[in-house]
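> Provide a 3D model corresponding to the input given below.
(chains A, B, C and D)
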2 protein chains.
Amino acid sequence: MNKNSKQSITIHDVARVAGVSKSTVSLVLQGKGKTSALAKEKVHAAILQTGYVYNREAAALRSKSSDLVAIVVNDLTNPYCAKLAVTLENHVRALGFMTTLVSTNDNALTQTQVIAKLQEYRVKALVIFPAINTQASWLNQLKTSYTQVVTIMRQVANSTVPCVLPNNEDGIYQATQALLARGHKHIAFIGGDAVASEYTQRINGFNNALKELHDIQSWVFNSSANRHGGRLAMSQCLAQVPQVESVVCFNDMVAYGAIEHLREQGLTPGTDIGVIGFEDLDDSQFMNPPLSSVRVDVDELARTVCDLIVNNTQEGVHQTVAEFIQRQS
Amino acid sequence: MNKNSKQSITIHDVARVAGVSKSTVSLVLQGKGKTSALAKEKVHAAILQTGYVYNREAAALRSKSSDLVAIVVNDLTNPYCAKLAVTLENHVRALGFMTTLVSTNDNALTQTQVIAKLQEYRVKALVIFPAINTQASWLNQLKTSYTQVVTIMRQVANSTVPCVLPNNEDGIYQATQALLARGHKHIAFIGGDAVASEYTQRINGFNNALKELHDIQSWVFNSSANRHGGRLAMSQCLAQVPQVESVVCFNDMVAYGAIEHLREQGLTPGTDIGVIGFEDLDDSQFMNPPLSSVRVDVDELARTVCDLIVNNTQEGVHQTVAEFIQRQS
DNA sequence: CTGAAAGCGCTTACAG
DNA sequence: CTGAAAGCGCTTACAG
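Predicted coordinates for the structure are as follows:
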């Protein structure tokens, strides 16, 4: 009954049953070389008959190549990050690679440990949503061990590793302009951690839009980038800036929290106070009022990452489109 | 510059630099056998000097053992599922195993494909949150290929694979009783997909509590188990059962949607209509009013799974505690 | 297209 | 504690 007691079935067994050579079995399995249709058929029949399972460990060891792509992500607990991770997984899998997903809880130390471990498994490529405080020197040196390293969503300053991220600045710029077009003069940017590169980019977009007019007053309230943070930041904002007309939120989760707080205060989002999110989560269109947000297409992001992997691109910042979606908030 | 052009560094090189035998290096690396303190020191120094990286492929191939545990999850997009996956990852990693996380989009076919692929990587154990419509025969046969298979959260009928899940029935039973204690006579259960085993268990808990009294009227409104579903189910419920006094929700996301809908209708959750969730997500305590929910401890779940792996337990349904948390909703 | 042979980087007895 | 040897299951030229 114990599977460990039985000999494992190898290509040698398959070859014997199929009546061909080990080499032929190997070639058929890899779809390489010239093998006759008859040989292929016999091999496949023998595989079925014997219950043979390909051993990638052995194959990888011998050929010194691996088809494992690791997706290392900072916070699977964030819905956008989870969606991105799943989408990346599907795209990379469609490319014919095997994926392994690992989360680091946005902790640079965990990230270092996990990736050191991954190295022992001879991972081919590494797709990283870097944890806060990731060091460029550490990141750059990864290129020595992996044939391909790509960072996503967050830029690590001074890193030479290719990076794929949405045009944060332009997205928030569009969003802020839409608020200005409503005639708002008192606008706040709420939520998010100022240490993250995506924060800097978004706040830059915010400020750039404001600069184009002269009679605008603006405020910034930081908080953690989740719903609870949004709630806190919105409440601080209302307390300190009662005249605020609209808020640009760091992301949709922050916007959800902000909206909850507004509703609890008897205010109607979109009517009393404008609210704009970032990410355009699936839920956002179903909010009441439907949440205006900056759409970041995870499929486009995933496709761009796949292109880098396929083309073995070793550098560059690759921005994807961020599109403002005007809804009723 | 190309790392493929350089010879890889093996234990042979380490042995040479350290001035010991290959065997000794191997034993030191595994922390096995008796090696002198001096030998250990020399080996570690040599590893640092050479930049040696352990090759687990080769080790696993030779020793016919693997330390890879795959966590296969149906929907990473669900916050509770994501939290559970991350927690499991951390616990299993703490046990000294390497983890790989894979999501199946709740699709039984994807699940089958992914797990077949995993087999080629000689995964040691499989922790599965089964997709809807997972076949018991398929699941049972996995025991042949993996030393350990555990299902979590969802039971597959007629499966002999060990299963870890919260006491859904008891949790909802407690929640429903709390509503009855408020004197409510018109209660609905909203949200969730009736095909899932956890749905059946929760609705059973609901009905069991109601059965104990004679003057209660109840309704059930199904929907997808997310926020949008909660919104829809709540709106249907209000339309068809205006006299409803409280709702038991399939999970917290459904409760969030329900609460949003209530607020939009000018109703106050907890005051006008009671709302109870399930899962007790981190956000729930920060809602306004704080959401009453059934707490399911992901750490306990993860610990139970780890126990099964460590003890190589091959059967049984292992229930973890579900505790009703009374808050203001 | 086949078969024999070498070798990927390890582990594991075993004799010293 | 060491060293030589065999072998895990594959891939990869190479001669036929």
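
> show me where the stretch 101-250 of chain A has strands.
Using DSSP state E, counting those that start in this stretch, the strands of the stretch 101-250 of chain A run over residues A:125-128, A:148-152, A:163-166, A:186-190, A:217-221, A:246-249.

> out of those strands, which is closest to residue B:198?
strand A:125-128 (32.4 Å; CB to CB). Using the backbone N, CA and C atoms, a C-beta is placed for each residue, glycine as well.

> so what touches the closest one?
Here strand A:125-128 makes contact (CB atoms under 8 Å, 6 or more residues apart in numbering or on different chains) with A:69-73, A:88, A:92, A:97, A:111, A:115, A:118, A:139, A:142, A:146-152, A:305, A:309.

> try 6 Å this time
For strand A:125-128, contacts defined as CB atoms under 6 Å, 6 or more residues apart in numbering or on different chains pick out A:69-72, A:146, A:148-151, A:305, A:309.

> run the chain-centre distance for that strand.
The chain centroid and the centroid of strand A:125-128 are separated by 11 Å under CA atoms, centre = their mean, to the nearest Å.

> swap in stretch A:147-154?
With CA atoms, centre = their mean, you get 10 Å for stretch A:147-154.

> how about the residues of chain A by DNA strand C?
By CB under 7 Å from any atom of the strand, the residues of chain A that approach DNA strand C are A:15, A:20-24, A:27, A:33-37, A:39, A:58, A:61-62, A:64.

> which of those are buried?
A:15, A:20, A:24, A:27, A:35, A:39, A:58, A:61 (16 or more other CB atoms under 10 Å in any protein chain shown).

> can you verify residue A:275 is assigned to a strand?
Yes: according to DSSP: H, G, I helix; E, B strand; the rest coil, residue A:275 belongs to a strand.

> is it in contact with residue A:255, as I believe?
Yes: if you go by CB atoms under 6 Å, residue A:275 and residue A:255 touch, sitting 5.5 Å apart.

> what sits against residue A:218?
Residue A:218 touches A:187, A:210, counting by CB under 6 Å, 6+ apart.

> just the one 3 residues further on next, same as before
With contacts defined as CB under 6 Å, 6+ apart, the neighbours of residue A:221 are A:190, A:233, A:236-237.

> redo that, cut-off 7 Å
A:188, A:190, A:233, A:236-237 (CB atoms under 7 Å, 6 or more residues apart in numbering or on different chains).

> could you give the bridge partners of it?
residue A:190 (DSSP bridges).

> and it, how far from DNA strand D?
57 Å (CB to the nearest atom of the strand, to the nearest Å).

> cool, residue A:188 as well?
Residue A:188 is 59 Å from DNA strand D, by CB to the nearest atom of the strand.

> ok, that residue touching residue A:241?
Yes: using CB atoms under 7 Å, residue A:188 is in contact with residue A:241, at 6.3 Å.

> overlap of the contact sets of those two?
residue A:219.

> dump the residue contacts of the closest residue to DNA strand C within the stretch 201-329 of chain A.
Closest to DNA strand C within the stretch 201-329 of chain A is residue A:312: 21.4 Å, counting by CB to the nearest atom of the strand. Counting by CB under 7 Å, 6+ apart, residue A:312 touches residue A:148.

> quick one: which of residue A:275 and residue A:255 has more around it?
residue A:255 (31 against 27; other CB atoms under 10 Å in any protein chain shown).

> my guess is residue A:120 meets residue B:52, correct?
No: contact criterion CB under 7 Å: residue A:120 and residue B:52 do not qualify, at 10.7 Å.

> compute the first-to-last residue distance for stretch A:242-254.
19 Å (CA to CA, to the nearest Å).

> that stretch close to chain B?
No: under the criterion of CB under 7 Å from any CB of the partner chain, chain B is not reached by stretch A:242-254; the shortest gap measures 9.0 Å.

> rewinding a little: so which of the residues of chain A next to DNA strand C also contact DNA strand D?
A:22-23, A:27, A:58, A:61-62.

> so which of those residues comes closest to residue A:129?
residue A:61 (30.0 Å).

> identify the residues contacting the helix or strand harbouring the closest one?
Using DSSP states H and E, residue A:61 maps to helix A:56-63. Under the criterion CB under 7 Å, 6+ apart, residues A:66, A:122, B:57-58, B:60-61, B:120-122 lie in contact with helix A:56-63.

> where does chain A dip in pLDDT?
A:1-7, A:33 (pLDDT under 70).

> could you list the domains of it?
A:11-54, A:68-166+A:299-322, A:168-296 (automatic domain parsing).

> can you pull the residues of chain A lying near chain B?
A:3, A:53-58, A:60-61, A:76-77, A:79, A:82-83, A:85-86, A:89, A:98, A:100-103, A:117, A:119-122, A:144, A:227-228, A:231, A:260, A:263-264, A:283, A:286, A:288.

> give the PyMOL command for selecting the buried subset of the residues you listed.
Remark: buried members of the residues of chain A next to chain B, expressed as a PyMOL selection using 16+ other CB under 10 Å:
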select buried, chain A and resi 54+55+56+57+58+60+61+76+77+79+82+83+85+86+89+98+100+101+102+103+117+119+121+122+227+228+231+260+263+264+283+286+288
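
> which of the residues of chain A next to chain B fall within helices?
Mapping these onto helices (DSSP state H) picks out A:56-58, A:60-61, A:79, A:82-83, A:85-86, A:89, A:117, A:119-120, A:227-228, A:231, A:260, A:263-264.

> how about residue A:19, nearest residue that isn't a chain neighbour?
Excluding its sequence neighbours, the residue lying closest to residue A:19 (CB to CB, 6 or more residues apart in numbering or on different chains) is residue A:42, at 6.4 Å.

> quick one: the helix or strand where the one you found lies to chain centroid distance?
Secondary-structure element containing residue A:42, defined by DSSP H and E: helix A:37-50. Centre-to-centre, helix A:37-50 and its host chain are 41 Å apart (CA atoms, centre = their mean).

> show me which residues of that helix are buried.
For helix A:37-50, using 16+ other CB under 10 Å, the buried residues are A:39-40, A:42-43, A:46-47.

> could you do stretch A:302-309 as well?
Quick answer for stretch A:302-309 (16+ other CB under 10 Å): A:302-306, A:308-309.

> what distance separates it from the centre of its chain?
The answer for stretch A:302-309 is 12 Å, by CA atoms, centre = their mean.

> who touches it?
With CB under 7 Å, 6+ apart, stretch A:302-309 has contacts from A:87-88, A:91-92, A:95, A:125, A:127, A:148, A:150, A:152, A:162, A:164, A:318, A:320.
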